[in-house]
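> My questions are about this predicted structure, shown below with the sequence.
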Amino acid sequence: MRKLGAVVCLLLLASACSGSSETSETPTTTVTPTTVPPTTVTTTTVPPTTVPPTTVPPTTVPTTTITVPTTTTSAGIIIVGPDDVEDNSGADIPTTNTDTTAFPVTTSTTVPPTKVSESIQLELPDDIGVSHFGHLTAGRDGGPGGWRRPHPGVFVWGLIEKTPGEYDWKRSDSLVTAIQQDRVGVLTTIWPFAEWDQNTCHADKPKAQPVFPILTDSLYKPCDIDAYIAWLEATIERYDGDGLNDMPGLEYPLRHWEVSNEPSMQQPDLTFFMGEPEDYLELLQVSYTAIKSVDPLAVVFPAGQAGMHESAADFWQPILEEGNEFFDVGNIHSISSSDTFFSEEYRNYLNDFGHQTKPFWVTEAAVGERLLKDRSEEEIAEIPFIGSVTSFVNGAEVVIAAALNKSPQKVLDAWNVVISTIGDFEMFESLTATSVRFDMRDGKTIYALWGGAKLPEDVVGAVVARRYDGIETVLDVSQVNSDLPMFVIID
């Protein structure tokens, strides 16, 4: 696999590089450093090629009963990490009526290939990566939807490469094996921090209080860019499913990679990155290039943007202005802050910087107890319905439910209803500001109605009305009342 260290170091000269069950079959890789004579490298910029995302037929997402866990069970959700840091500012339901056709979940993107292999490439199975919902989890814990975002996960540079040049894959292999046994897609976070690397050029800089025990207290961009690239390329290679240096027993490839998390969060007790927007942009460029050089089919996400608050928007502006070629899918978080998960605001924000064609995911959608200060539990339980439906209308491909262990039971019940009802939709059409039609894989048509919206006039006869809280009745269409959010199911 070709290495990009020399090229990237030239490109990034201004950064001054300085330098569970585990099996015995899991290898530890020792990398022998080699000295490469200096060469003159000519960098050619290749315009990005727009390729439609691969369409994979959706499959029905099974209903999962969600309960607030006290122990880890198949129905329990345990979340690690204090990401609910945003304020309680709300967002109004969008009033723009736009007829919309849903796009499939982005399962791969392509760039000009950089390697040739005669090995057989593993593909994502038909039942993996096609759901429009997922859950945030410590990693192994199950939850609703067909996607899992381990947070923080175990893909930490210093956790895998504890000693320079030696890669220990035991923990990452174990987690990937467990996830693949559960048959879910995975959005994997890359943490570009190793203590031994940070100490070479950031030793005298201020330290952070680690949010997660597996992270160092120094969270600056890598000192040795070449070493970081080598580790990242080896990581992608191990899990890309191309038959070259793959994890033993890999069933399907990991394709979706997120470069760090919420870099604008740099508070004394809540820090995920230390540096300026330009530092993160440099990290994103290096990471994107390395990932795509190994797996041209990979889908690269920037770190999640911590809402649309002024501090987050200001941090991300220079990154989005300059980083058009270095991510495939946008990434927004809403932590008990917006009834529509910031979907309209974020769509417009991406558009403002020339990213009109890029889809986005809501990779943390939390509806927590702190909202009870101003509203009842019944009222906030409507948010999973309204937030998810409006997010899809505004361009989100996937919504990942977060902080489920901090959500009231009625909110969990609502997530369950929404995900089990429309999780596998194929197409949708926005009818009004408060009504959307979903076409399902099994041939059913489902209308999402709220705010008093009416069914189209051509819908007649008996229908199944399923409220956001799970109450279900068979009604004549003349009896349908959507003062409370509901799905109307047409066979």
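Done, it's in. Residues are numbered from 1 along each chain as shown.
> can you pull the contacts of residue 436?
389, 392-393, 428-430, 447-448 (CB atoms under 8 Å, 6 or more residues apart in numbering). Using the backbone N, CA and C atoms, a C-beta is placed for each residue, glycine as well.
> and if we set it to 10 Å?
100, 102, 389-390, 392-393, 422, 425, 428-430, 446-450, 453 (CB atoms under 10 Å, 6 or more residues apart in numbering).
> Tell me the helix or strand right after the longest helix along the chain.
Taking DSSP state H as the criterion, the chain has its longest helix at helix 277-294. Next along the chain after helix 277-294, taking DSSP states H and E as the criterion, comes strand 299-302.
> Helices of the stretch 351-491 of the chain, residue ranges please.
Under the criterion DSSP state H, counting those that start in this stretch, helices of the stretch 351-491 of the chain are mapped to 377-380, 383-393, 409-422.
> Next, format those as CSV and append distance to residue 368.
Below are those laid out as CSV (distance: least, CB to CB, whole Å):
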stretch, distance to residue 368
helix 377-380, 9
helix 383-393, 10
helix 409-422, 8
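> Burial-wise, tell me which of the ones you listed comes out on top.
helix 383-393 (a mean of 26; mean count of other CB atoms under 10 Å).
> and the residue found closest to residue 360 once you drop the neighbours it is linked to in the chain, how many neighbours?
Among residues not flanking residue 360 along the chain, residue 330 sits closest, at 3.2 Å (CB to CB, 6 or more residues apart in numbering). The number of residues packed near residue 330 is 24, by other CB atoms under 10 Å.
> And for residue 258?
Residue 258: 26 neighbours (other CB under 10 Å).
> Can you list the buried residues in the one helix or strand it maps to?
Using DSSP H and E, residue 258 falls within strand 256-259. Residues of strand 256-259 classed as buried by neighbour count (16 or more other CB atoms under 10 Å): 256-259.
> Given it, what are its sheet partners and their directions?
Looking at strand 256-259 with DSSP bridges, its partner strands are strand 185-190 (parallel), strand 299-302 (parallel).
> Make CSV out of those strands and add distance to residue 321, mean neighbour count and mean pLDDT.
Formatted as CSV, the strands paired with strand 256-259 follow (distance: least, CB to CB, whole Å; neighbours: other CB atoms under 10 Å; pLDDT from 0 to 100):
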stretch, distance to residue 321, mean neighbour count, mean pLDDT
strand 185-190, 23, 24, 98
strand 299-302, 13, 24, 99
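> Which one of the ones you listed lies nearest to residue 246?
Nearest of those to residue 246, taken as CB to CB: strand 185-190 at 15.3 Å.
> by how many degrees do that closest one and helix 277-294 diverge?
Angle of strand 185-190 versus helix 277-294, following axes from the mean of the first three to the mean of the last three CA atoms, to 10 degrees, is 130 degrees.
> What is whichever helix or strand comes after strand 185-190 packed up against?
Following strand 185-190 in sequence order, the next helix or strand is helix 195-201 (DSSP H and E). The contact analysis (3 or more CB pairs under 10 Å, 6 or more residues apart in numbering; DSSP states H and E) places helix 195-201 against helix 157-160, helix 225-239.
> rewinding a little: tabulate the strands paired with strand 256-259 in CSV, adding columns for distance to residue 473.
Listed next are those as CSV, based on distance: least, CB to CB, whole Å:
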stretch, distance to residue 473
strand 185-190, 34
strand 299-302, 41
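> Nearest to residue 204, out of the ones you listed?
Ranking those by proximity to residue 204 (CB to CB) places strand 185-190 first, at 26.0 Å.
> the inter-axis angle of the closest one versus helix 225-239?
Using the same axes, to 10 degrees: strand 185-190 against helix 225-239 is 160 degrees.
> wait, isn't residue 237 in contact with residue 295?
Yes: when contacts are counted by CB atoms under 10 Å, residue 237 is listed as touching residue 295 (7.9 Å).
> Which residue of the two possesses the greater neighbour count?
Neighbours per residue, other CB under 10 Å: of residue 237 and residue 295, the larger number sits with residue 295, 26 against 18.
> what about that one, distance to residue 176?
Separation of residue 295 from residue 176 (CB to CB, to the nearest Å) stands at 15 Å.
> on contacts alone, who are the packing partners of the longest helix of the chain?
Going by 3+ CB pairs under 10 Å, 6+ apart, helix 277-294 lies up against helix 5-11, strand 185-190, helix 225-239, strand 256-259, strand 299-302, helix 310-322.
> Return the distance of it from the chain's centre.
Centroid separation for helix 277-294 versus its chain: 17 Å, with CA atoms, centre = their mean, to the nearest Å.
> Contact partners for the spatially most central residue of the chain?
Centroid check for the chain by CA atoms, centre = their mean gives residue 363 as the closest residue, at 4.3 Å. Going by CB under 10 Å, 6+ apart, residue 363 touches 134, 136, 147, 149, 151, 187, 189, 258, 261, 301, 303-305, 329-334, 396, 398-400, 402.
> Please repeat the previous calculation with a cut-off of 7 Å.
Counting by CB atoms under 7 Å, 6 or more residues apart in numbering, residue 363 touches 149, 187, 304, 331, 333, 400.
> check contacts around the nearest residue to residue 280 once chain neighbours are set aside.
Of all residues not flanking residue 280 in the chain, residue 263 sits nearest, at 4.5 Å (CB to CB, 6+ apart). Contacts were defined as CB under 7 Å, 6+ apart; by that measure residue 263 touches 272-273, 280, 303, 315.
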